[in-house]
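**Student:** Here is my input, please return the structure:
(3 chains)
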Amino acid sequence: MTDAPEKVTLVVFSGDLDKALAAFNIAVGAASAGMDVTMFFTFWGLNVLKKNDGPIHSKGVMRRMLNRMNRGGAKRLPLSKFHMFGLGTWMMKRLMQDVNFPQLEELMDEARELGVHYVACTTSMGIMGVGKDAFIPEVDRYAGVATYLAEAREGSVNLFV
Amino acid sequence: MTDAPEKVTLVVFSGDLDKALAAFNIAVGAASAGMDVTMFFTFWGLNVLKKNDGPIHSKGVMRRMLNRMNRGGAKRLPLSKFHMFGLGTWMMKRLMQDVNFPQLEELMDEARELGVHYVACTTSMGIMGVGKDAFIPEVDRYAGVATYLAEAREGSVNLFV
Amino acid sequence: MTDAPEKVTLVVFSGDLDKALAAFNIAVGAASAGMDVTMFFTFWGLNVLKKNDGPIHSKGVMRRMLNRMNRGGAKRLPLSKFHMFGLGTWMMKRLMQDVNFPQLEELMDEARELGVHYVACTTSMGIMGVGKDAFIPEVDRYAGVATYLAEAREGSVNLFV
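**Tutor:** Sure, this is the predicted structure:
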């Protein structure tokens, strides 16, 4: 623990825009303060890492249906409240722009420039039938819960979002 | 770290009654045990700190709409499940009363008497167009994620609610 | 702290299948790595610990209604998204089976074999009018927030799910 930077880990379980914004806001803040940040994306949180124009085909009818409904991509995430078929989410993005708060995809760029690590949960990928080709190239690692725990047990701040 | 009390931090992201109750139950429990508790209210969580009869005007049509729909105030928060246009939430409050469990506003009073600190997230306030006049006077600080992280990195228990 | 195993605590607030799966996946992973895991089930999270064929009677009309609507049991939990009157949840279980990922009740068995501790929140039980007879026998303790905090302040990883 001598001179190593403090660690922060975030489990991003949610695929909602508002929660993703909160997670990345913390990640960027921590990385700016010199902390070493790892984000572990699992379940609906995988949607945050999906390409906006990624493939939606998978093997089997059920996975195809799921991946069509649950398409993901940082630009496509809904708010957890007041989504209102897209109207509320569109409004929230306008409000963010209005005060010069970065959009999620810009926050993600900032996070990457500051060295935030992205881990995509392979267990969830297996269940949902999503391959690596569905994700943005910024993903550092494809791994499971053991990798998350190895980071988190060293973390000064560990959150589940 | 010598004789300083242990720290607990809670990010209150949610504006749902049930999650707010859980957060304050933990906060009051920790403060009762002599721990130093900071609650950081962000996004929908700001609703917990809003006055029950606070102003709902803001600049611009979209912010006015948002603040009308998302009015907030401890007495007005909905359950995350079974809200049922208010009926389920009303029932839950009755059930709490029935076993002498304090209502949220009473738990908040208790938290304050025990010295729990409230921080309102200025970033969310900016996006949503909510000014300080919308909040109860018990808010200690108006600050951003850097302030939260400074507390959390010292925390023995840090949760995201 | 000499040779004692590291501690992990999870507050399970949610009664959704997907969040319960995430919580137990972390719990099983941590226990497999030799960590001492305590799960504290509160509010809707109590549903995870309910018997699948448990009693749904309680005292009073409102509690009876609540416990009928909010019946719980590991086999009966809905997804937080795409539940679609059970269809989406049924599909997710099929997808899990398809890749040999254990169902929630199997993960729970594994957790128990690895010594994960279950604590049911007595405060929530009191409010909701649920007695010990509603729960599976694997529950270790019936306790409140003070018990949770005593574990969490020693925890290397503490999450709120």
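
**Student:** So which bits of the lowest-mean-pLDDT helix or strand in chain A are buried?
**Tutor:** Every helix and strand of chain A was ranked by mean pLDDT, DSSP states H and E. The lowest is helix A:61-69, at a mean of 87. Neighbour counts over helix A:61-69 (16 or more other Cβ atoms under 10 Å in any protein chain shown) mark A:62-63, A:66-67 as buried. Heads up, the C-betas are built off the backbone N, CA and C, glycines and all.

**Student:** again with stretch A:21-38
**Tutor:** Buried, per 16+ other Cβ under 10 Å, within stretch A:21-38: A:21-31, A:33, A:35-38.

**Student:** still on that earlier bit, between the buried residues of helix A:61-69, which is closest to chain C?
**Tutor:** Closest approach to chain C among those (Cβ to the nearest Cβ): residue A:62, at 5.2 Å.

**Student:** The closest one against residue C:94, yeah?
**Tutor:** Yes: counting by Cβ atoms under 8 Å, residue C:94 is a contact partner of residue A:62 at 6.4 Å.

**Student:** Could you pull out the strands in chain A for me?
**Tutor:** Along chain A, counting by DSSP state E, strands occupy A:7-12, A:36-41, A:117-121, A:141-143, A:155-160.

**Student:** I'd like the ones you listed laid out as JSON lines, including distance to residue C:159 and mean pLDDT.
**Tutor:** Below are these laid out as JSON lines (distance: least, Cβ to Cβ, whole Å; pLDDT from 0 to 100):
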{"stretch": "strand A:7-12", "distance to residue C:159": "7", "mean pLDDT": "98"}
{"stretch": "strand A:36-41", "distance to residue C:159": "11", "mean pLDDT": "98"}
{"stretch": "strand A:117-121", "distance to residue C:159": "15", "mean pLDDT": "98"}
{"stretch": "strand A:141-143", "distance to residue C:159": "18", "mean pLDDT": "98"}
{"stretch": "strand A:155-160", "distance to residue C:159": "4", "mean pLDDT": "97"}
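
**Student:** what sits opposite residue A:143 in the beta ladder?
**Tutor:** Beta-bridge partners for residue A:143, by DSSP bridges, are residue A:121.

**Student:** my read: it touches residue A:125, true?
**Tutor:** No: using Cβ under 8 Å, residue A:143 makes no contact with residue A:125, being 10.4 Å away.

**Student:** and chain A, which of its residues are near chain C?
**Tutor:** A:11, A:13, A:15, A:42-44, A:60, A:62-63, A:65-66, A:69-70, A:123, A:126-129, A:144-146, A:148-149, A:152-153, A:155, A:158-160 (Cβ under 8 Å from any Cβ of the partner chain).

**Student:** among those residues, which ones are buried?
**Tutor:** Buried by 16+ other Cβ under 10 Å: A:11, A:13, A:15, A:42-44, A:62-63, A:66, A:70, A:123, A:126-129, A:144-145, A:148-149, A:152-153, A:155, A:158-160, out of the residues of chain A next to chain C.

**Student:** among these, which are in reach of chain B?
**Tutor:** Within those, those near chain B by Cβ under 8 Å from any Cβ are A:158-160.

**Student:** Looking at the residues you listed, spot the one nearest chain B.
**Tutor:** For those, the minimum distance to chain B (Cβ to the nearest Cβ) is 4.1 Å, reached by residue A:159.

**Student:** List the beta-bridge partners for the closest residue to that closest one other than its chain neighbours.
**Tutor:** Nearest residue to residue A:159, sequence neighbours excluded (Cβ to Cβ, 6 or more residues apart in numbering or on different chains): residue B:160, at 4.1 Å. In this entry, residue B:160 is beta-bridged to residue B:11, by DSSP bridges.

**Student:** Can you give me the distance of residue B:160 to residue C:13?
**Tutor:** Distance check for residue B:160 against residue C:13: by Cβ to Cβ, to the nearest Å, it reads 11 Å.

**Student:** who touches both of those two?
**Tutor:** residue C:160 (Cβ atoms under 8 Å, 6 or more residues apart in numbering or on different chains).

**Student:** which stretches of chain A have low pLDDT?
**Tutor:** Residues of chain A that meet the criterion pLDDT under 70 lie in A:1-2.

**Student:** now for the longest helix anywhere in chain A, which elements pack on it?
**Tutor:** Using DSSP state H to define each element, chain A has its longest helix at helix A:17-32. Helices and strands touching helix A:17-32, as assessed by 3 or more Cβ pairs under 8 Å, 6 or more residues apart in numbering or on different chains; DSSP states H and E, comprise strand A:7-12, strand A:36-41, helix A:87-98, helix A:104-113, strand A:155-160, helix B:145-152.

**Student:** please redo it, this time with the cut-off set to 6 Å
**Tutor:** In this structure, helix A:17-32 makes packing contacts with strand A:7-12, strand A:36-41, helix A:104-113, helix B:145-152, judged by 3 or more Cβ pairs under 6 Å, 6 or more residues apart in numbering or on different chains; DSSP states H and E.
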